[in-house]
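[1] Sequence and computational prediction follow.
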Amino acid sequence: MPLEPLSQKEVEDRLAELPGWSLDGDRISRSYRLGSHFAAAALVVHIAQVQEELDHHSDLALGYDTVSLTVHTHSVGGAVTEKDFELAGRVEELSAGHGAR
């Protein structure tokens, strides 16, 4: 089944289920703060592993004690799809184990 862009309402409804995530233009995004640079780097590696499993890659940035993601689906013209929310949900699940807030 091909991916379809989500409507504005669908995106807003799904974002309501993911505290901390927001719509940033045509993408969804979130930043996390961690206790140290090492903890932030470990989260980046874990996110990269999930991205490989899903075959869906976001823009991912590592700061001193922060990690930021910006997600959209290139294959549908850069719109937000269900696949973006699947990745966001997986990141939310694993981020708590890294002490992210």
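    Looks like it came in fine. Being a predicted model, the structure only gives us computed values, none of them experimental. Residues are numbered from 1 along each chain as shown.
[2] which residues touch Pro2?
    Taking C-beta atoms under 8 Å, 6 or more residues apart in numbering as the criterion, Pro2 is in contact with no other residue. (Each C-beta comes from the backbone N, C-alpha and C, glycine too.)
[3] Using the three-state scheme, assign it.
    Three-state call for Pro2 (DSSP: H, G, I helix; E, B strand; the rest coil): coil.
[4] What separation do you get for it and Ser75?
    9 Å (C-beta to C-beta, to the nearest Å).
[5] Same question for Arg33.
    In terms of C-beta to C-beta, Arg33 sits 31 Å off from Ser75.
[6] Of the two, which one has the most company?
    Arg33 (14 against 11; other C-beta atoms under 10 Å).
[7] could you pull out the helices for the chain?
    8-15, 37-54, 82-95 (DSSP state H).
[8] buried sites along the second one?
    Judged by neighbour count (16 or more other C-beta atoms under 10 Å), helix 37-54 contains these buried residues: 39-40, 42-44, 46-47, 50-51.
[9] ok, now stretch 88-98?
    88, 90-92, 95, 98.
[10] Stretch 66-86 too?
    67, 69-73, 76, 79-81, 83-85.
[11] Save those residues as JSON lines, and put in distance to Asp24 and pLDDT too.
    Output for the buried residues of stretch 66-86, formatted as JSON lines (distance: C-beta to C-beta, whole Å; pLDDT from 0 to 100):
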{"residue": "Val67", "distance to Asp24": "15", "pLDDT": "98"}
{"residue": "Leu69", "distance to Asp24": "10", "pLDDT": "97"}
{"residue": "Thr70", "distance to Asp24": "6", "pLDDT": "98"}
{"residue": "Val71", "distance to Asp24": "9", "pLDDT": "98"}
{"residue": "His72", "distance to Asp24": "9", "pLDDT": "97"}
{"residue": "Thr73", "distance to Asp24": "14", "pLDDT": "97"}
{"residue": "Val76", "distance to Asp24": "17", "pLDDT": "94"}
{"residue": "Ala79", "distance to Asp24": "13", "pLDDT": "97"}
{"residue": "Val80", "distance to Asp24": "10", "pLDDT": "98"}
{"residue": "Thr81", "distance to Asp24": "15", "pLDDT": "98"}
{"residue": "Lys83", "distance to Asp24": "17", "pLDDT": "97"}
{"residue": "Asp84", "distance to Asp24": "12", "pLDDT": "98"}
{"residue": "Phe85", "distance to Asp24": "14", "pLDDT": "98"}
